[in-house]
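Undergrad: Give me coordinates for this.
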Amino acid sequence: MSDKEQKKIKSTQSYLKISDIKADTLIMDDGIYCAVVAVSSTNFALKSQEEQNALIYGYQNFLNSLDFSLQILMQSRKMDVHVYLEQVRKIMEQQTNELLRIQTQEYIEFISKLIENSSIMNKNFYVIIPHSIGIDLSSGSNGGGFFSKLFGGGNKSAVSAASKKNVRFEAERQKLDQKVNTVIGGLSALGLKSLPMTTEQVTELVYNSYNFEAGPLIDTQRLEDIKLTKI
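TA: Take a look at the predicted model:
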């Protein structure tokens, strides 16, 4: 097989810097742990000038209070409203009041025409919180990734090393949890609701980020299940 053919069959995963996703944590190939927090949005433009200034000042204080870095991610996706319209249609069919039935039908027709002429976008916001432990857990003298070493091997020394690494992982994960709690508390002071994402939700977020046209990866733990009411 030629070099060109070998390059063609490389998977997308080979180009990602993600080593694993475990215990609600992204493990990067350089050993950095990352937690992902879903955050609600606020209608900033609809607030008064005083409220806007208060939000800006509060956000500035929030950033200045942090002694670690973070990344803000906004993901914009076209919203599929057909399921919603189908639910409204079922309600209309059960409606006994004829006037309400007609108004519901007109509402369905209005929304249907609206989505034909323009796309309805749904924006989701996330905060990615990294935690560096100062060493590279993705490589070693024996080769293989961090988690392959963590659970691999059958001798006592390998089991002992794996146990120590697992203890260290949990200890570092607790430090990351402290950062997450700090961010959630700071966002709460701004009137924003936030929620740490689970392993399944982080996996789907990563999958959707590289597969825009694909359907949901996980049916039992959809990102839409994260209930964050807009303020």
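Undergrad: From the chain's centroid, how far away is the top strand by length along the chain?
TA: If you go by DSSP state E, the chain has its longest strand at strand 121-131. On the basis of Cα atoms, centre = their mean, to the nearest Å, strand 121-131 sits 6 Å off its chain's mean C-alpha point.
Undergrad: quick thing: my sequence starts at 238, can you match it?
TA: Let's use 238 as the start, then, which means that last one is strand 358-368.
Undergrad: Please put the alpha-carbon coordinates of that strand into CSV.
TA: Written as CSV, here are the backbone C-alpha positions of strand 358-368 (Å, rounded to 0.1, in the frame of the first residue of the first chain):
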residue,chain,number,x,y,z
MET,A,358,-30.6,28.6,14.8
ASN,A,359,-30.0,27.3,18.3
LYS,A,360,-26.9,28.5,20.1
ASN,A,361,-25.4,26.5,23.0
PHE,A,362,-22.7,27.9,25.3
TYR,A,363,-20.0,25.9,27.1
VAL,A,364,-17.0,26.7,29.3
ILE,A,365,-14.0,24.3,29.0
ILE,A,366,-11.9,24.2,32.2
PRO,A,367,-8.4,22.8,31.8
HIS,A,368,-6.2,21.3,34.6
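Undergrad: quick check, residue 327 in a helix?
TA: Yes: assessed by DSSP: H, G, I helix; E, B strand; the rest coil, residue 327 belongs to a helix.
Undergrad: Quick check: the gap between it and residue 345.
TA: Taking Cβ to Cβ, to the nearest Å as the measure, residue 327 falls 11 Å from residue 345. (Each C-beta comes from the backbone N, C-alpha and C, glycine too.)
Undergrad: ditto for residue 405
TA: From residue 405 over to residue 345 the distance is 57 Å, taken as Cβ to Cβ.
Undergrad: of the two, who's got more company?
TA: With neighbours defined as other Cβ atoms under 10 Å, residue 405 and residue 345 compare such that residue 345 has more, 17 against 14.
Undergrad: name the element residue 425 belongs to?
TA: Per DSSP states H and E, residue 425 falls inside helix 393-426.
Undergrad: quick one: that helix to strand 358-368, angle?
TA: Put simply, helix 393-426 runs at 130 degrees to strand 358-368, going by axes from the mean of the first three to the mean of the last three Cα atoms, to 10 degrees.
Undergrad: Run through the neighbouring helices and strands of helix 393-426.
TA: Where contact means 3 or more Cβ pairs under 8 Å, 6 or more residues apart in numbering; DSSP states H and E, helix 393-426 is packed against strand 270-276, helix 286-302, strand 358-368, helix 383-388, strand 431-433.
Undergrad: buried residues in that helix?
TA: 398-399, 402, 406, 409-410, 413-414, 416-417, 419-421, 423-424 (16 or more other Cβ atoms under 10 Å).
Undergrad: dump the residue contacts of residue 345.
TA: With contact set as Cβ atoms under 8 Å, 6 or more residues apart in numbering, residue 345 has these partners: 322, 325, 326, 329.
Undergrad: so the last one touches residue 341, yeah?
TA: It stands for residue 329. Yes: shown here, residue 329 and residue 341 form a contact pair, counting by Cβ atoms under 8 Å, at 4.0 Å.
Undergrad: Could you list the low-confidence segments of this structure?
TA: Scanning the chain for pLDDT under 70 picks out 238-250, 371-396, 449-468.
Undergrad: and with 90 instead?
TA: Across the chain, residues meeting the criterion (pLDDT under 90) sit at 238-257, 266-268, 278-280, 312-321, 332, 348-360, 369-407, 441-468.
Undergrad: I'm done for today, thanks for sticking with me.
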